[in-house]
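Enquirer: I'd like to go over a predicted model; first the sequence, then the structure.
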Amino acid sequence: MIRPTLLSTFRLNALPTTNKRVFSLLNPKSRSHTNRVFDPIRQPNDLHTLTLLNAADNRSLITFWTASWCQTCQAIKPLIKQLIEEEKIGEREGGLGFVEVLMDSTLIEDLPIKYRISSMPTLLAFSRQEAQFDTRLTRPEEMRNKDFLREWLSYVFCKKIRSNAGPDGLQVQREMGMRVRGVKINETKAWNMGGWNVQYIRYPKVNYRIMTSTMNSV
């Protein structure tokens, strides 16, 4: 009688299996389209890393240029965080990031000069790693106005979406995976907001609005 070998006694389902996993530098949970508040920036590499990560998630980054001794900055910061964290402005449409840039950090080098920061506080948005200088806010009286801040944050998001529109402004590629093509304008509204001539364009059957603007001549 031939005795079975040790290998033949193994059950197939007892053999170890390997799981193939996709490698990612980021925690998958952290890559969702949600609003996020990041740790303050103290050196140029911090800003470079954050703009890179937010661009990968297609999230606009709002930078708040401040200093530890700036009382006006400390009064305005809670308003911005409340809009981003509690009201979640822009989250449903793709998310916004918020971070303070500490200009009095000993490691900050010439970062404020690079991004044309000449006063505190300053709000500067980044989209796809590019600074949006045309929408920069520098007036404290505007930043203290919560309604104005809400409109500004919405505008920052809409400006990002506008870059996906067709050259005639009548085609929108909706983010988050859904695309809407060849949609006709249903309603337009225009008004002046803090130096911008702003136009809302609403598209039918899509809960979506695009804002276009031109700066007023001084």
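Expert: Cool, the structure landed. Residues are numbered from 1 along each chain as shown.
Enquirer: hang on, Ser68 in a helix?
Expert: No. Counting by DSSP: H, G, I helix; E, B strand; the rest coil, Ser68 falls outside a helix, being coil.
Enquirer: Hmm, it is touching Leu102, no?
Expert: Yes. Proximity of Ser68 to Leu102 meets the contact threshold set by Cβ atoms under 8 Å, at 6.9 Å. C-beta: built from backbone N, CA, C; applies to glycine.
Enquirer: Once you drop chain neighbours, what's closest to Ser119?
Expert: Nearest residue to Ser119, sequence neighbours excluded (Cβ to Cβ, 6 or more residues apart in numbering): Thr138, at 5.3 Å.
Enquirer: before we move on, back to that, neighbour-wise, which of Ser68 and Leu102 wins?
Expert: Leu102 (20 against 12; other Cβ atoms under 10 Å).
Enquirer: Could you give the backbone dihedrals for that one?
Expert: Per-residue torsions, Leu102: phi -80, psi 100 (degrees, to the nearest 10).
Enquirer: now swap in Met103 and tell me
Expert: phi -70, psi -20.
Enquirer: likewise the one 3 residues further on?
Expert: Note on Thr106: its backbone torsions stand at phi -70, psi -10 [degrees, to the nearest 10].
Enquirer: quick one, what contacts it?
Expert: For Thr106, the contact set (Cβ atoms under 8 Å, 6 or more residues apart in numbering) is empty.
Enquirer: Give me the distance between it and Ser68.
Expert: Applying Cβ to Cβ, to the nearest Å, the value for Thr106 to Ser68 is 12 Å.
Enquirer: re earlier: for the residue nearest to Ser119, the count of nearby residues, please.
Expert: 15.
Enquirer: Next, give phi and psi for it.
Expert: Residue torsions, per degrees, to the nearest 10, at Thr138 are phi -130, psi -10.
Enquirer: Which pLDDT value goes with the nearest residue to Asp104 once chain neighbours are set aside?
Expert: Distance criterion Cβ to Cβ, 6+ apart; nearest residue to Asp104, sequence neighbours excluded, is Ala67 at 4.1 Å. On the pLDDT scale, Ala67 is placed at 97.
Enquirer: do Phe126 as well
Expert: For Phe126, pLDDT reads 96.
Enquirer: that older thread, since we're on the residue nearest to Asp104, how many residues are nearby?
Expert: Ala67 - counted by other Cβ under 10 Å - has 17 other residues nearby.
Enquirer: list the contacts for it?
Expert: 73, 102-104, 120.
Enquirer: mind running it again at 6 Å?
Expert: 103-104, 120 (Cβ atoms under 6 Å, 6 or more residues apart in numbering).
Enquirer: Buried ones only from these, please, as a PyMOL command.
Expert: Here is the PyMOL selection string for the buried members of the contacts of Ala67, based on 16 or more other Cβ atoms under 10 Å:
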select buried, resi 103+120
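Enquirer: Kindly indicate which of the contacts of Ala67 lies nearest Gln43.
Expert: Met103 (11.7 Å; Cβ to Cβ).
Enquirer: Please report how far the closest one lies from Gln82.
Expert: 23 Å.
Enquirer: How confident is the prediction for the closest residue to Leu96 other than its chain neighbours, by pLDDT?
Expert: Spatially, and ignoring its direct neighbours in sequence, Leu96 is nearest to Gly90 (4.4 Å; Cβ to Cβ, 6+ apart). Looking at Gly90, its pLDDT is 85.
Enquirer: What is the least confident helix or strand in the protein?
Expert: strand 209-215 (a mean of 42; mean pLDDT, DSSP states H and E).
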